[in-house]
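structure here, sequence nowhere to be found:
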């Protein structure tokens, strides 16, 4: 592995996850206020399928990351900034795991089983409980808005490295044709 760049697999998973997370958030905002209709149920199903897929991809991404160490941060970065970068990455991964789990728990508590792509029923994690379902809905929404804030910070930090620090932190995560 070239230790100055991420692997092609890591780069591909990063950008695929970024696109999926943006789409999931946008669909989540859109579907929330829709009136009950077949369209709303279809959108909710799509959102759940994409959420399960994203959850599986984050597990694959973590597996890949543990097996393929990422490149070191620039030696010119102060220790506090390196610690903040590692904490930010850890928080992003925690949210990418917690959000789909909170959605799964919420769906279970609200009594709406997830059937992956309309074929594979995913077992509920708990029995129906409206009050708990409502609480989990708030947790799911809050975690999503926290993820948006973290992604904005992550993108801002990458742009700072590129535009102000003039280092390769952003470039090493870009696909080759964008560098």
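On my side now, so go ahead. Keep in mind that what you see is a predicted model, and the values were worked out from it rather than measured.

so, low pLDDT: which residues of the chain?
1-2, 178-179 (pLDDT under 70).

tell me which residue of it is furthest from the middle?
Centroid-distance maximum for the chain: residue 76 at 28.9 Å, with Cα atoms, centre = their mean.

in what helix or strand does the residue lying closest to that residue once chain neighbours are set aside lie?
Distance criterion Cβ to Cβ, 6 or more residues apart in numbering; nearest residue to residue 76, sequence neighbours excluded, is residue 167 at 7.1 Å. Bear in mind the C-beta positions are built from the backbone N, C-alpha and C, glycine included. Residue 167 is part of no helix or strand, with elements assigned from DSSP states H and E.

ok, now which ones touch the residue nearest to the spatial centre of the chain?
Per Cα atoms, centre = their mean, the C-alpha nearest to the average position across the chain is that of residue 96, at 3.8 Å. Residues near residue 96 by Cβ atoms under 8 Å, 6 or more residues apart in numbering: 17, 21, 54-55, 58, 147.

one more time with 10 Å, if that's ok
17, 20-21, 54-55, 57-59, 61-62, 143, 147, 150 (Cβ atoms under 10 Å, 6 or more residues apart in numbering).

mind listing the strands for this protein?
114-116, 120-122 (DSSP state E).

quick check: which of the ones you listed is buried the most?
strand 114-116 (a mean of 16; mean count of other Cβ atoms under 10 Å).

which helices and strands does it pack with?
helix 38-67, helix 79-110, strand 120-122 (3 or more Cβ pairs under 10 Å, 6 or more residues apart in numbering; DSSP states H and E).
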